[in-house]
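Peer 1: just need the structure, nothing else, for what follows:
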Amino acid sequence: MPKSPDKALLVEAYAPETADARMAIWDLPESVVLHLPWQVWVHVDYRAYRRAYLQAFPDFDLTGLVLDHVMNRRVARLKGFAYLRVVPISRDANSSHGSLSEGWAVEYHSSPEMREKSRISQSAVQYADLSDIVKMLNMRGGGSLMDNVNEANRSRRVNHCLIVL
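Peer 2: Prediction:
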C-alpha cells in the first residue's frame with residue numbers, strides 16, 4: 001500500500017454573510033459547524049487526519065466522536081477533488097450515513113455524463129451536498145431510504161442552506 005501523503009491543511013474560512021433567520025437550520029445549535037472560522041481539510045488519500053485535527057485543535061475533546069470526511073473520498077476522486085473537509089461527529093451519525101447515500105453518490109458520479117461534467121468543471125472543492133450537511137449537523141441519515149435526509153429536504157430545515165454557504 002502506498003504511503004499516505006502528508007497533506008493536511010488548517011484553513012481559515014472567510015466570514016459568511018449574515019445568516020437568513022427565516023431558515024430553520026440556523027436554529028439548530030449544531031449549525032455552528034457550517035461556518036467555523038478554522039477548518040481542517042485533508043488530501044483525499046491522507047490517512048492521519050485524526051492526528052492532524054488534534055494538532056490543529058489540541059483542546060478539542062474527541063471522546064465519543066469520530067472524524068469523518070464531509071464528502072465520500074471515492075466521490076471526491078470521481079469529481080477530481082484533491083481535498084476534503086473533516087468534521088467531528090458522533091459514531092451514531094457516522095454509521096447511519098455510510099453505504100447507502102455514498103453508494104448512490106458513487107454510482108451517480110460514475111456515469112459517463114457526470115464524469116464528463118467533472119472533467120470539464122473548474123471546481124476544485126465542493127463544500128457539501130444535502131446528505132453531507134445532515135451528517136455535519138450530527139443527525140442520523142436515517143433508514144434504508146435515508147428518512148432524515150428526506151425529511152430535512154421536505155421540511156426546508158436544511159434544503160436551501162447550500163445557497164447561503
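Peer 1: so where is the protein shaky, pLDDT-wise?
Peer 2: 1-6, 93-101, 140-165 (pLDDT under 70).
Peer 1: middle-most residue in it, spatially?
Peer 2: residue 70 (1.9 Å; CA atoms, centre = their mean).
Peer 1: could you find the closest non-adjacent residue to that one?
Peer 2: Spatial nearest neighbour of residue 70, chain neighbours left out: residue 85 (4.5 Å); criterion: CB to CB, 6 or more residues apart in numbering. To be clear about C-beta, it is placed using only N, CA and C from the backbone, and glycine gets the same treatment.
Peer 1: so how many other residues sit close to the one you found?
Peer 2: Neighbour count of residue 85, defined by other CB atoms under 10 Å: 23.
Peer 1: elements contacting whichever helix or strand it is part of?
Peer 2: Using DSSP states H and E, residue 85 sits within strand 83-90. Here strand 83-90 touches strand 38-43, helix 49-56, strand 65-69, helix 130-136, going by 3 or more CB pairs under 8 Å, 6 or more residues apart in numbering; DSSP states H and E.
Peer 1: tell me the most buried of the ones you listed?
Peer 2: helix 130-136 (a mean of 24; mean count of other CB atoms under 10 Å).
Peer 1: helices and strands around that one, which ones?
Peer 2: Partner elements for helix 130-136 (3+ CB pairs under 8 Å, 6+ apart): strand 83-90, helix 91-97, helix 147-155, helix 161-164.
Peer 1: just the terminal-to-terminal distance for stretch 63-76.
Peer 2: 28 Å (CA to CA, to the nearest Å).
Peer 1: need the residues that contact that stretch.
Peer 2: Stretch 63-76 is contacted by residues 42, 44-45, 49-50, 53, 81-82, 84-91, 94, 97, 102, 105-106, 109, 126-129, 132, 135-136 when judged by CB atoms under 8 Å, 6 or more residues apart in numbering.
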